[in-house]
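[1] With the sequence up front, the predicted model follows.
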Amino acid sequence: MEAIITYRPDAQKTPGLYDRILTNEILRDICVRVTGQDRFTVVRDTSTYNRGRLVIIEYRGIKSFVSLSEVLVEGRNQSVQSIPTAINLYYADCYSNKTLYYYFMPHSGNYFTDYHLFYFRLLKTAGVVFLNILRYYPADINAFESIDELIDERNDNRKTNRSNNSSFISKTSDKVQIYAKTYGASKYESTLLAIAAAAITDRPIDLYNICEQDLTRLPQSSLNTINAIGNISIYDTSITLEKKRFISLARNNEFRSPIYQRNLLQKLGRKRCVLCGCEIPEIIQGAHIWGVAEIARDNHFNDDRKFDHAISGENGLWLCQNHHKLFDSHYLSFDMDGNVLIPGNLRTEYGQFIHAITKNEHLDNLIMTDNFKWYLSQRNSIRDYSCYQCLFI
């Protein structure tokens, strides 16, 4: 029995591309790896261009989607951005018995940077099977085993790519949050993050479309895939929508912004309490330095500027629940050098407790930017901290 191999010869901008790169030798290799035999018939579908760099193989009632790598590795995202398109087409196909593969074409350039390896782990977690990776890389790709492992590697990967303003993933005690970029190549990464997270999480996922530039949401094909998975709730959020919420909720201190959380992740990185070092994400919270209620009541700024201050990543810290509550209740604060302060008349046992749970005596210099100090000065101008003293004396 022969396999039927179907492909579309035209790329979106390059007519006949796949006629040139899909040699008979490569088609035979793909066929053998997918079906276990080398007999096939080729069908060229000229109805439209080849989205997802796909080859479709039908054999013994199984429909196999094979996404091909680029033959030239150039931009970091560009080299892999066709894969989520292939995944979307895979999910959109109503055929019940189907599989999804990735095949490395002969290529030039480095396909195995830290970022690519992270991306390939996302693919493996999402259920993609690599057909021939061992031909180009000395080890197989392992799927992520837990959402914590995925979050940690996402954060570690960002450390080596600080200029990349990509999507973020985090979690609380009852949800996983994905702050999804909706424009450029990052929209493809956002789709893949959601699919991979859904495969390994034990809790529902909230996906926030962080709407910027001229795109207000992820592509409809990605939204269809995410909806098909079932445990992901999608929320559209934009500067305009958030600003309306700020104006109506801030004075009562009820404003909670996914954009603010995203901005903190962008500035500070992974959730880690700056005072005790706790890294349990479920109990780490974003703490405003200059509180949103105080911002809303300030008459020196219009609503637009107030909103900018409320969502600024410079106006916040990661604090555990204990330290966040102590900070909001003014049982501890910071002077303009970043030293931890407590009330001078604090009961001895309270001071001993705060000392016992506080590891760092002052804020890191990387946090103490001029903008951060300005927000700290706004906070410190509202309350008299002259009777406070350094916690570590």
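    Okay, I see it. Residues are numbered from 1 along each chain as shown.
[2] surely residue 66 meets residue 56?
    Yes - if you go by C-beta atoms under 8 Å, residue 66 and residue 56 touch, sitting 7.5 Å apart. The way it works is simple: take the backbone N, C-alpha and C, and place the C-beta from them, glycine included.
[3] Looking at the two, which is more packed in?
    Comparing residue 66 with residue 56 by other C-beta atoms under 10 Å, the one with more neighbours is residue 66, at 24 against 19.
[4] Now do the phi/psi pair for the more buried one.
    Dihedral angles of residue 66 (phi, psi; degrees, to the nearest 10) stand at phi -120, psi 110.
[5] Would you mind naming the residues that bridge with it?
    Beta-bridge pairing for residue 66 (DSSP bridges): residue 55, residue 101.
[6] Residue 197 and residue 46, how far apart?
    According to C-beta to C-beta, to the nearest Å, residue 197 and residue 46 sit 38 Å apart.
[7] So these two - more neighbours on which side?
    Using other C-beta under 10 Å, the more surrounded residue of residue 197 and residue 46 is residue 197, with 26 against 8.
[8] and the more buried one, helix, strand or coil?
    The three-state assignment at residue 197 reads helix, by DSSP: H, G, I helix; E, B strand; the rest coil.
[9] Quick check: it vs residue 114, distance?
    Following C-beta to C-beta, the distance that separates residue 197 from residue 114 is 20 Å.
[10] Then residue 244?
    The gap separating residue 244 from residue 114 is 40 Å, by C-beta to C-beta.
[11] do residue 39 as well
    Going from residue 39 to residue 114 by C-beta to C-beta gives 40 Å.
[12] Please give me every residue in contact with the spatially most central residue of the chain.
    Nearest to the mean C-alpha position of the chain, by C-alpha atoms, centre = their mean, lies residue 168 at 2.6 Å. With contacts defined as C-beta atoms under 8 Å, 6 or more residues apart in numbering, residue 168 is in contact with 154, 178-179, 262, 265-266.
[13] who touches residue 10 in this structure?
    Neighbouring residues of residue 10 by C-beta under 8 Å, 6+ apart: 16-18, 46, 48-50.
[14] Give me the buried entries from those.
    Neighbour counting with 16 or more other C-beta atoms under 10 Å marks 17-18, 50 as buried within the contacts of residue 10.
[15] Columns distance to residue 79 and secondary structure on top of these, output as JSON lines?
    JSON lines is the format used below for the buried ones among the contacts of residue 10 (distance: C-beta to C-beta, whole Å; DSSP: H, G, I helix; E, B strand; the rest coil):
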{"residue": "17", "distance to residue 79": "15", "secondary structure": "helix"}
{"residue": "18", "distance to residue 79": "17", "secondary structure": "helix"}
{"residue": "50", "distance to residue 79": "16", "secondary structure": "coil"}
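[16] out of those residues, which one sits closest to residue 105?
    The nearest member of the buried ones among the contacts of residue 10 to residue 105, counting by C-beta to C-beta, is residue 18 at 10.4 Å.
[17] any idea how far the nearest residue to the closest one once chain neighbours are set aside lies from residue 103?
    With sequence-adjacent residues excluded and distances taken as C-beta to C-beta, 6 or more residues apart in numbering, residue 18 is closest to residue 9, at 4.9 Å. Going from residue 9 to residue 103 by C-beta to C-beta gives 17 Å.
[18] quick one: which of the two has more around it?
    Ranked by neighbour count (other C-beta under 10 Å), residue 9 and residue 103 place residue 103 first, with 20 against 17.
[19] what about the nearest residue to the more buried one once chain neighbours are set aside, how many residues close to it?
    Among residues not flanking residue 103 along the chain, residue 131 sits closest, at 4.7 Å (C-beta to C-beta, 6+ apart). By the criterion of other C-beta under 10 Å, residue 131 has 18 neighbours.
[20] residue contacts, residue 131?
    30, 33-34, 66, 101-104 are the contacts of residue 131 under C-beta under 8 Å, 6+ apart.
[21] Who are the contact partners of the residue lying closest to residue 176 once chain neighbours are set aside?
    Ranked by C-beta to C-beta, 6+ apart and with sequence neighbours excluded, the top spatial neighbour of residue 176 is residue 205, at 4.6 Å. Applying C-beta under 8 Å, 6+ apart to residue 205 gives the contacts 175-178, 194, 197-198, 231-233.
[22] And for residue 338?
    Residue 338 sits next to 362-365, 367-368 when contact means C-beta under 8 Å, 6+ apart.
[23] If we use 10 Å, what do you get?
    Contact analysis of residue 338 by C-beta atoms under 10 Å, 6 or more residues apart in numbering lists 274, 360-365, 367-368, 372-373, 376.
[24] How about residue 132: what's its closest non-neighbour residue?
    residue 104 (5.5 Å).
[25] What separation do you get for the one you found and residue 117?
    13 Å.
[26] can you list residues touching both of these two?
    Counting by C-beta under 10 Å, 6+ apart, the common neighbours of residue 104 and residue 117 are 111, 137.
[27] residue boundaries of the helices in the chain?
    All helices of the chain, identified by DSSP state H, fall at 17-21, 24-35, 82-92, 114-125, 147-159, 186-200, 220-229, 239-249, 258-268, 292-297, 303-311, 321-328, 348-357, 370-382.
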